[in-house]
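J.: Sharing a model prediction with you, sequence too.
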Amino acid sequence: MFTLFYGLYKYMFKKDEYFVLILGLDNAGKTTYLEAAKTKFTRGYKGLNPSKITTTVGQNVGGIVYGDIKLSFWDLGGQEELQPLWEKYYAECHAVIYVVDSADRERMDESKDAFDRMISSANMIGVPLLVLANKQDIPECMGVREVKPIFNQSADLIGRRDCMVMPVSALTGAGVDEGIEWLAECIKRNSELRPPHNPDDT
Ligand code: G3D
Ligand code: MG
């Protein structure tokens, strides 16, 4: 009897959990993006006032429920000296959101180099990649048409992984839903290679 109810409980309330890393240089908008995603997908969540968001030194964690799955986001610090810490999360993650500051032309190469290093890791094989050309609300920013070819130069390193470059404004929330939808579908499709984290199994 207990098993029956537990099975039903599990069916109704337990969701497969997947980990998504939010990476990118410092100031790209990672923490603002995480707040925007939580605001869009959590009923009643109003979000932090952008003026309250300070530089991330350790990590911010936040989760959303998307249909029948739970996405847990890890927003890691992007400063150069913190980037080596990213590596520790690679083996366990199910997807990466790579945030690019499209308004900062000067650091575009630096951002692309950090991206290349990240996708070159053996622990990242097969992980879906969503590259976000952020800050599209800034008039003089690089559009997705400019950002996409830069990241597509890494096609050989990307290989057969799902990879998409999308325009977004973490500040206004424009484009946030589309990105999460795309990523969630990739994560589900990829779940044989990277099965969900299930606390009952550990
Ligand atoms: P990080 O977590 O990647 O380091 P933050 O970046 O989320 O802390 O954002 C860095 C700065 O960029 C913040 O500005 C934030 O408001 C701004 N920002 C983030 N996303 C957008 C966006 O889509 N459009 C615009 N216009 N600005 C954005 P401050 O001034 O607080 O440093
Ligand atoms: Mg941050």
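T.: Thanks, I have it. Ligands and ions are numbered 1, 2, ... in the order given.
J.: Do me a favour and average the pLDDT over the helix ranked longest in the chain.
T.: For the chain, the helix that runs over the most residues, judged by DSSP state H, is helix 176-189. Averaging pLDDT along helix 176-189 yields 97.
J.: now swap in stretch 60-71 and tell me
T.: Here the average pLDDT along stretch 60-71 is 90.
J.: what about it, distance to the chain center?
T.: Distance of stretch 60-71 from its chain centroid, counting by C-alpha atoms, centre = their mean, to the nearest Å, is 11 Å.
J.: pretty sure G78 is in a helix, no?
T.: No: going by DSSP: H, G, I helix; E, B strand; the rest coil, the assignment for G78 is coil, not a helix.
J.: Does it touch I22 like I think?
T.: No: contact between G78 and I22 fails when scored by C-beta atoms under 8 Å: they sit 9.3 Å apart. In this view, the C-beta of every residue, glycine as well, is placed from N, C-alpha and C.
J.: Now do the residue minimising distance to the centre of the chain against I180, distance only.
T.: Compute the mean C-alpha point of the chain, and by C-alpha atoms, centre = their mean the closest residue is I97, 2.7 Å away. Distance, I97 to I180, by C-beta to C-beta, to the nearest Å: 9 Å.
J.: hmm, back to that, G78 and I22: which has the busier surroundings?
T.: Set G78 next to I22 and count neighbours by other C-beta atoms under 10 Å: I22 wins out with 27 against 23.
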